[in-house]
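Asker: need a structure here:
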Amino acid sequence: MIRSFASHRLLSAVFAVVVTALLIAGCGGQDTEPAAEAPSEQPASTPLDITADAGVGEPEWVDDVVMYEIFVPDFSEEGTFQGVVNRLDSLKAMGVNTLWLMPIHPVGEKRAKTDIGPLGSPYAVKDYKAANPDYGGDEGFRTLVEEVHSRDMYIIIDWVANHTAWDHPWVSEHPEYYTEGPVDGRFTYPLLDGDTTDWTDVVDLNFENREMRTKMIDAMKFWVEEYNIDGFRCDVAHQVPLDFWNAAIDTLETVRPVLMLAEAAEPEMHSVGFDLTYAWPFYGAIKRVWEDDAPASELLAQVDTTLEDLPGASRRLRFTTNHDETAWDASPIDIFGGEEGSEAAFVLATSFPGVPLVYNGQELGVEDTISFFEATPYDWSKQSELRDFYRDYLQFYSTSDVMKNGDFDILTPDAEDAVVFSRATEEDELLVVVNVRGEEVSLTLPSDYAEQSLVDVMTDASVSGPELTLKPYGYHLLRVRE
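Answerer: Modelled structure (predicted):
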């Protein structure tokens, strides 16, 4: 089955308008978040117009994103914004064009989980309109944004809308901004799908309060207008009402196009303006294939089904690790059977339609779990074949329109151990072949390619069929040789 991932902005825009109308009418279709419904009592002095005119739309460069996630304290020895500036040229040379910075704001100290690490969680935000002084403060961040843009790169920042630190000024000045609960007789820790979390270092915000919503959107707009950032990655976005995101994104895009990434897998997030959502189900499937020897067809079916559900030009963020996985799960080296397995998994993940993500340190082959509650600076003097792999692969990806925007066609729907699919535009076609096992695998190429003269675009080596033998975790990106 073929999918087209060229821009479908008109279809996406029409879809968003229809869903917005449903939200306003109170019959939000797939919306499963009760909090998205209009509350019965709102402060009359702080109206929030969720029917605001749509802004200038998604950024044109969303089709070309190669994203790199940064935790500032780990990314350099100094752990500052300047430390990021110092390595921008290296990131650009690797093919990266978009930086996602984990929360840049001052970290709350009250009730901080210092038993996990001395920094506390960066997701416990103490001030939405300030940059962490330990990172270099407001001016240090302004310099970073300017340096990023001077290299024709983009920068988005993490936004934590669901909760704040306990020492955020709103807690004492506007307790009505928070969800009522048993903590201190007034507040509550955040909930996830109705269940209490152990996020005791933060306090849950009440999105039934319209004044709080207005101030939240104003704070987001502040970073776009005053610091010229290019968008946001929105933490636990599915726990925040859809109509809030609709209003926030519409407001931001009256300033200029911004990239919006939701930490959520629900397709309806795209209906209110998010450009990217997480490929969480894909990540679960690829781990089952590697760790539990699930058939590779399970992974193909998962991707194909998801792409059916995404509206318009929506995209998935595809990864083999991120800050949560590196901190709480295991490293790609551990999960995917060593360096070779981690390479194959990354190629497989990012050659499916979507946007590739690299988490800082991933290219160094870090094998341990790394907490983001403490600083663990990486040693960038370390050179390795794995680091060369990420550079070479992402350099190719960043210049390949077929990898970023090509149609997608599964050629081995019943695959057990090796997958074959194609990505194609009118000008180019690639055949992607990946062995998902740590042992040699043989396969028969599809008949359309069996007698073709093929070349691996990564190695320039000739490959011929119809029988193809792949080494353990071997992969090819094949083009028909002219």
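Asker: which elements pack onto the helix or strand harbouring V419?
Answerer: Here V419 is covered by strand 418-424, with elements defined by DSSP states H and E. The helices and strands touching strand 418-424, judged by 3 or more CB pairs under 8 Å, 6 or more residues apart in numbering; DSSP states H and E, are helix 296-309, helix 401-405, strand 407-410, strand 429-435, strand 441-444. C-beta: built from backbone N, CA, C; applies to glycine.
Asker: repeat that with 7 Å
Answerer: For strand 418-424, the packing partners by 3 or more CB pairs under 7 Å, 6 or more residues apart in numbering; DSSP states H and E come out as helix 296-309, helix 401-405, strand 407-410, strand 429-435.
Asker: partner strands of it, with direction?
Answerer: Paired with strand 418-424 in the same sheet, following DSSP bridges, are strand 407-410 (antiparallel), strand 429-435 (antiparallel).
Asker: just those strands: most buried one?
Answerer: strand 429-435 (a mean of 23; mean count of other CB atoms under 10 Å).
Asker: ok, residues contacting that strand?
Answerer: 344, 347-348, 351, 402-403, 417-423, 441, 449, 454, 468, 470, 472-480 (CB atoms under 7 Å, 6 or more residues apart in numbering).
Asker: now with 6 Å, please.
Answerer: 344, 348, 351, 402, 418-423, 441, 449, 470, 473-479 (CB atoms under 6 Å, 6 or more residues apart in numbering).
Asker: against K404, how distant is the spatially most central residue of the chain?
Answerer: In the chain, the residue lying closest to the centroid (CA atoms, centre = their mean) is L317, at 4.6 Å. Relative to K404, L317 is positioned 14 Å away (CB to CB, to the nearest Å).
Asker: got any ranges where the chain has weak pLDDT?
Answerer: Applying pLDDT under 70 to the chain flags the ranges 1-57, 482.
Asker: okay, now the domains of it?
Answerer: Structurally, the chain divides into domains by automatic domain parsing as follows: 2-399, 409-480.
Asker: can I get the buried ones among the contacts of strand 429-435 as something I can paste into ChimeraX?
Answerer: Buried residues within the contacts of strand 429-435, by 16 or more other CB atoms under 10 Å, are selected in ChimeraX with:
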select :344,348,351,402,418,419,420,421,422,423,441,449,470,473,474,475,476,477,478,479
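Asker: can you tell me the element T469 falls in?
Answerer: Short version, using DSSP H and E: T469 is in strand 467-470.
Asker: V457 and P106, how far apart?
Answerer: V457 is 46 Å from P106, by CB to CB.
Asker: looking at the two, which one has more neighbours?
Answerer: P106 (22 against 17; other CB atoms under 10 Å).
Asker: ok, now how distant is that one from F81?
Answerer: Distance from P106 to F81, by CB to CB: 14 Å.
Asker: same question for L242.
Answerer: Here the criterion is CB to CB. By it, L242 lies 33 Å from F81.
Asker: enumerate every residue touching the residue nearest to D235 when sequence neighbours are not counted.
Answerer: For D235, ignoring the flanking residues on the chain, the nearest one in space by CB to CB, 6 or more residues apart in numbering is V160 at 4.6 Å. By CB under 6 Å, 6+ apart, V160 lies in contact with Y123, V125, D235.
Asker: is it possible to get TSV of these that adds secondary structure and distance to E69?
Answerer: Below are the contacts of V160 laid out as TSV (DSSP: H, G, I helix; E, B strand; the rest coil; distance: CB to CB, whole Å):
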residue	secondary structure	distance to E69
Y123	coil	14
V125	strand	18
D235	coil	13
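Asker: how is the residue lying closest to E340 once chain neighbours are set aside assigned, secondary-structure-wise?
Answerer: Setting aside the residues directly before and after it, E340 is nearest to Y473 in space (CB to CB, 6+ apart), at 4.4 Å. Put simply, Y473 is coil when judged by DSSP: H, G, I helix; E, B strand; the rest coil.
Asker: ok, Y473 to G337 distance?
Answerer: Taking CB to CB, one finds Y473 at 7 Å from G337.
Asker: likewise for T306?
Answerer: Counting by CB to CB, the gap from T306 to G337 is 25 Å.
Asker: same question for E268.
Answerer: Using CB to CB, we find E268 at a distance of 35 Å from G337.
Asker: okay, these two: which has more neighbours?
Answerer: E268 (22 against 19).
Asker: Three-state assignment for the more buried one, please.
Answerer: Applying three-state DSSP: E268 is helix.
Asker: again, but for the one 3 residues further on
Answerer: For S271, the secondary structure call by three-state DSSP comes out as helix.
Asker: could you measure from it over to E173?
Answerer: On the measure of CB to CB, S271 and E173 end up 34 Å apart.
Asker: and what of Y390?
Answerer: 46 Å.
Asker: most neighbours among the contacts of V160, which one is it?
Answerer: V125 (26 neighbours).
Asker: H323 against I370, yeah?
Answerer: No. Between H323 and I370 there is no contact under CB atoms under 6 Å: 8.5 Å.
Asker: what touches both of the two?
Answerer: Counting by CB under 6 Å, 6+ apart, nothing touches both H323 and I370.
Asker: any idea which helix or strand carries Q395?
Answerer: Counting by DSSP H and E, Q395 is part of helix 385-398.
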